[in-house]
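K.L.:
give the three-dimensional model of this entry:
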Amino acid sequence: MRELAIITFISLDGVMQSPSSPQEDPSGGFAGGGWAADYWEEVMEQVRGEAMAEPYDMLFGRKTYELFAAHFPSLDAENPETKMMNAATKYVATNTRTTFDWRNTVAVSGDIPAEISRLKQQDGPLIQVHGSGALIQTLLVADLIDEFRLWTFPVVVGAGRRLFEPDVRPRKLELKKTAPCANGAVMTIYRRPA
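P.N.:
Coordinates of the predicted model:
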């Protein structure tokens, strides 16, 4: 059995949509993309140390996968982060796409929660979800998330898709770790109770 963790960047008011650039996810008319850009370098250093140092597989929604797949395969193959991401198995939750150029990519289709539950029952490394807001909502409803790895930025965005939408059912989480960045962003890692 293996666990599933989400890695999510959120604003102080809970928005997770399009943190890195305006073009990342303008859906719903969202014009505030790129709200985390001023904090990126220091936060990514912490992400690499806390969330990407041990072997992992990745799970993406289709749109987030396409953003990553357009970027990582062309980076320096000897960079440790790039090497790990390229070597990891990449699962893509999609009912529309069947072919992939980024190596080690596998489609997860049909009943997505049931298929992800099946993946969790297998042997293997931690499954990490990067971004993928719509997929995270599906995982929340199906109660498939074991760990929430959140980076909260000292920015108020206002409108935008939030990590915890109003229809998410209440739950208790246990704080596993917290650490600030000098730039004001804060890492918090929460786990579901044992």
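
K.L.:
for the protein, list the residue farthest from the centre, please.
P.N.:
Glu78 (23.4 Å; C-alpha atoms, centre = their mean).

K.L.:
so which helix or strand takes in that residue?
P.N.:
Assigned by DSSP states H and E, Glu78 belongs to no helix or strand.

K.L.:
same question for the one 4 residues further on.
P.N.:
Element membership for Thr82 (DSSP H and E) is helix 80-87.

K.L.:
give me the sheet partners of the helix or strand that that helix is followed by and which way each runs.
P.N.:
Downstream of helix 80-87, the next assigned helix or strand under DSSP H and E is strand 90-93. Note on strand 90-93: by DSSP bridges, its sheet partners are strand 56-61 (parallel), strand 105-108 (parallel).

K.L.:
what's next to strand 90-93, contact-wise?
P.N.:
57-62, 65, 68-69, 100, 102, 104-109, 112, 116, 119, 127, 132, 135, 138 (C-beta atoms under 8 Å, 6 or more residues apart in numbering). The C-beta positions use only the backbone N, C-alpha and C, and glycine is treated the same way.

K.L.:
where does pLDDT dip in this structure?
P.N.:
Judged against pLDDT under 70, the chain has no low-scoring part.

K.L.:
which ones are touching the residue nearest the centre of it?
P.N.:
Among the residues of the chain, the one closest to the centroid is His130, at 1.9 Å (C-alpha atoms, centre = their mean). Listed by C-beta under 8 Å, 6+ apart, the contact partners of His130 are 7, 58, 60, 64, 68.

K.L.:
what's in contact with the lengthiest helix in the chain?
P.N.:
Longest helix of the chain, by residue count under DSSP state H: helix 40-51. Helix 40-51 has contacts (C-beta under 8 Å, 6+ apart) with 5, 7, 9, 20, 36, 81, 128, 149, 151, 153, 177, 179, 181-183, 185, 187, 189.

K.L.:
and those, which of them are in strands?
P.N.:
Using DSSP state E, the members of the contacts of helix 40-51 that fall within strands are 5, 7, 9, 128, 149, 151, 153, 177, 179, 187, 189.

K.L.:
between those residues, which is nearest Asp143?
P.N.:
Nearest to Asp143 among those: Ala5, at 14.2 Å, using C-beta to C-beta.
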